[in-house]
Structure formats: C-alpha cells, structure tokens
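Peer 1: test case, fold it:
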Amino acid sequence: MIVLDNIHKAFGPKQVLSGFSLEVREGETMVIIGYSGTGKSVAIKHIVGLLEPDQGRVFVDGQEVSTLSRRELYALRAKIGYVFQFSALFDSLTVAENVAMGLTKMGTLTPREIDIRVQEALDLVDLPDSGQVLPIELSGGMRKRVGIARAIALHPKYLLYDEPTTGLDPVTAAVIDEMMIRMRDKLGVTGIVITHDMRSAFSVGTRIAMLYEGQVRWVGTVDEIHATNDPVVRQFIEGRASPIVAGPLA
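Peer 2: All right, here's what the predicted structure looks like:
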C-alpha cells in the first residue's frame with residue numbers, strides 16, 4: 001500500500017502541493033487527473049524519493065520514504081517501476097540495452113538472467129523481436145511500450161505511469177491502455193497513472209482522484225465520477241470551458 005499523508009511542496013514562492021493526501025490500495029490502478037501544472041507528477045515523485053515533502057509523510061509498504069537510508073531507498077526503488085512521459089530511452093543503446101539498464105544496475109543477476117528478463121518484458125509488451133533495434137527506429141507508441149518493458153523487467157510491485165498516452169493517436173493510445181490493464185491483471189502490479197486523457201482514465205482506472213489547488217478534490221470509482229455533481233470535476237472530465245451549475249456535491 002502507498003499512502004501520501006498531508007503532503008506540502010513548494011518550489012520557491014510557488015506552492016504546488018498544500019495538503020495532498022491519497023491512499024493507493026494493493027492491486028488497484030489509481031488514476032490521478034488534474035489541470036496542467038497542478039502538481040500531479042510532483043506528487044508521484046515523492047513516492048520514489050525523487051522529491052522530499054516540505055511537510056507531511058509518504059509511506060510505501062509501511063516504510064516512511066524520507067527516513068530511509070540510501071541503501072534502503074535503492075531497495076525500495078527496486079520494487080517501483082517508473083514509466084516516464086517521453087519514455088526517456090537512450091537512442092545510442094539498443095532496445096534490449098535500454099530495457100536491461102535497471103537490471104544491470106541491480107548487480108545481482110547474471111548476464112544470462114538479464115537476457116531472460118529482457119526478453120520476457122519485451123514479449124509482454126508485444127515487441128518480441130525488437131531487442132536489437134535502436135529506439136530512433138521505433139514509432140512513438142512502440143517507444144512507450146519499451147518504456148513499460150524497462151519498468152516491468154524489474155518485476156516491480158508498483159508501476160508509476162507519467163502521462164503514458166500523451167502525444168499518441170487514439171488507436172495507439174488504446175494499445176497503451178491495454179498494456180497497462182495487462183500489467184495489472186497478468187502481473188498483479190499496483191498502478192498509479194498520471195493523465196489528462198479521460199478516455200484512458202476511464203479505461204484503465206479502478207479509482208480516480210482529482211488534484212486541484214494542491215489537494216485531492218475528489219476520489220472515487222469510475223462509476224462514481226460519472227455520477228458526481230462536483231462542478232470542478234464535471235468541468236474537467238467533460239472538457240467544458242467553464243464550470244456547470246450544480247447542486248450539492250456528491
């Protein structure tokens with residue numbers, strides 16, 4: 001389980017998070033939505049210790065992230081796969097070398113074991129024959145899938161996806177959605193997905209949380225978000241230019 005408790009984070013005079021609290025249950029896919037620049041990516045970077053809160057605490061499996069030693073933090077990160085928004089692949093390395101990077105850094109696997117893990121990961125994202133290809137030769141959607149393969153090669157317990165469908169056409173985005181669902185159902189991975197894409201959010205999410213003005217404005221299931229009367233949530237999920245008039249919040 002991942003728990004973010006009353007997280008505050010500022011960068012200079014800009015307050016990004018101001019009491020952000022969220023609980024992610026094991027086995028679910030939590031989708032975090034919100035307007036650009038509201039701090040969605042900032043929030044999940046606290047989970048892997050890339051950022052430390054100015055106030056508040058983050059727990060992963062009962063461990064408070066900010067109190068961990070360097071060695072303990074590395075061990076924690078080995079359980080958490082991170083899929084970056086723009087894949088973050090090295091174009092000078094082959095696909096297989098990119099996927100193997102995290103495994104090599106672990107220093108606990110033989111070259112043969114690494115090769116097996118890499119091939120298993122590429123098979124899972126439907127790129128079984130792409131190991132010797134350079135990323136520059138791949139389409140945007142295929143690069144995203146390589147990013148997922150690199151993350152799952154670590155056999156993580158958690159997968160964090162930062163805007164996984166950004167810049168993709170609808171068909172390719174649907175393929176990435178199917179991949180995320182596959183990771184949850186086949187590997188039992190708990191996921192957190194940052195996205196603006198409501199079609200994707202409704203497809204992959206078991207629960208959805210909206211970040212607004214530094215806090216979680218609303219959290220619930222897909223059915224519940226469709227039924228909510230919260231005008232800010234409805235404006236966002238319906239893509240309206242201005243809020244709708246609504247009754248009491250639900």
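Peer 1: just checking, what packs against the helix ranked longest in the chain?
Peer 2: Criterion DSSP state H: the longest helix present in the chain is helix 170-187. Other helices and strands packing on helix 170-187, by 3 or more Cβ pairs under 8 Å, 6 or more residues apart in numbering; DSSP states H and E, are strand 29-33, helix 111-124, helix 140-152, strand 158-162, strand 190-194, helix 198-204. Any C-beta I mention is one placed from the backbone N, CA and C, and that applies to glycine too.
Peer 1: outside of it itself, list whatever touches it.
Peer 2: 27, 29, 124-126, 139-141, 144-145, 148, 152, 159, 161, 164-165, 168, 189-191, 193, 197, 199-200, 203-204 (Cβ atoms under 8 Å, 6 or more residues apart in numbering).
Peer 1: touching, residue 53 and residue 8? I think so.
Peer 2: Yes: between residue 53 and residue 8 a contact is recorded at 6.2 Å, counting by Cβ atoms under 8 Å.
Peer 1: quickly find the element holding residue 56.
Peer 2: strand 55-60 (DSSP states H and E).
Peer 1: more neighbours, residue 53 and residue 8?
Peer 2: Taking other Cβ atoms under 10 Å, residue 53 and residue 8 do not tie; residue 53 has more neighbours (20 against 15).
Peer 1: confirm that one sits in a helix?
Peer 2: No: read with DSSP: H, G, I helix; E, B strand; the rest coil, residue 53 is coil and lies in no helix.
Peer 1: which residues touch the nearest residue to residue 8 once chain neighbours are set aside?
Peer 2: In space, residue 8 comes closest to residue 55 once its chain neighbours are excluded; the distance is 3.9 Å by Cβ to Cβ, 6 or more residues apart in numbering. Shown in contact with residue 55 (Cβ under 8 Å, 6+ apart): 6, 7, 8.
Peer 1: nearest to residue 134, of the residues you listed?
Peer 2: residue 7 (39.1 Å; Cβ to Cβ).
Peer 1: and for the closest one, the neighbour number?
Peer 2: Neighbours of residue 7 using other Cβ under 10 Å come to 26.
Peer 1: and for residue 112?
Peer 2: 8.
Peer 1: related to what we said a few turns ago, just after the strand holding residue 56, pick out the following helix or strand.
Peer 2: strand 63-64.
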